[in-house]
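Trainee: Need the 3D shape of this:
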Amino acid sequence: MNYKYEDYINLGIYPDIANGELQFSKGNIDFIIEKYLKILTEFYVYKQRTLAIENEYDNQFMMIKADVDYYKSQYRRCFDELKELKSLDRRYDRFEKINAGLRQECKRYKQELLKLRIETNKKTADLKSGQQKI
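Mentor: Residues are numbered from 1 along each chain as shown. Just a heads-up that it's a prediction; the model follows:
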C-alpha cells in the first residue's frame, strides 16, 4: 500500500524524508507500536463490552420469547376452554328446551292424574253411596 506523508501525519506519526523516501526512526516505530497496542486494547475492550451487551439482549430476547410462548399456550388453553364452554352452553340450552318440554308434559300428566283421581273418587263415592242405598 502506498501511504502518503499526510496519512502518517494524520495518525500523529512524523517520519523523516531522506532521498525521497519515508524513513522511520526508532521513536516513530515505538510510537506506531504504542498506538497500535492502544487501539488494539480499546478494540478488545469495545469488543468485550459489545459481546456483553449482545448477551444481555440475547437473554432479554429469550426471556421475552419464553413469555410470548407462555402467553400463546395460555391463549390456546383459554381458547379451547372457551370453545368447550360454548359447546356445553349449547348442550345446556338443548337440555333446558327438553326439560321445559318434559316439565310441560309432567304438568299435563299431573292434571290428567288429578282429573282421574277426582273421577275415581266420585265413582268410589257413588258406589259407596249406591251400596248404602241397597
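
Trainee: what's downstream of whichever helix or strand residue 6 is part of, the next helix or strand?
Mentor: Taking DSSP states H and E as the criterion, the element that holds residue 6 is helix 5-11. Read in the C-terminal direction, the helix or strand following helix 5-11 is strand 16-18, with elements assigned using DSSP H and E.

Trainee: State the next helix or strand along the chain beyond that next one.
Mentor: Next helix or strand after strand 16-18 toward the C-terminus (DSSP H and E): strand 21-23.

Trainee: Tell me the strands beside that following strand, with direction?
Mentor: Each strand that pairs with strand 21-23, with its direction, by DSSP bridges: strand 16-18 (antiparallel).

Trainee: gap between residue 8 and residue 28?
Mentor: In this structure, residue 8 and residue 28 are 8 Å apart, going by C-beta to C-beta, to the nearest Å. Quick note: C-beta positions are derived from backbone N, CA and C, even for glycine.

Trainee: Retrieve the pLDDT associated with residue 83.
Mentor: In the predicted model, residue 83 carries a pLDDT score of 96.
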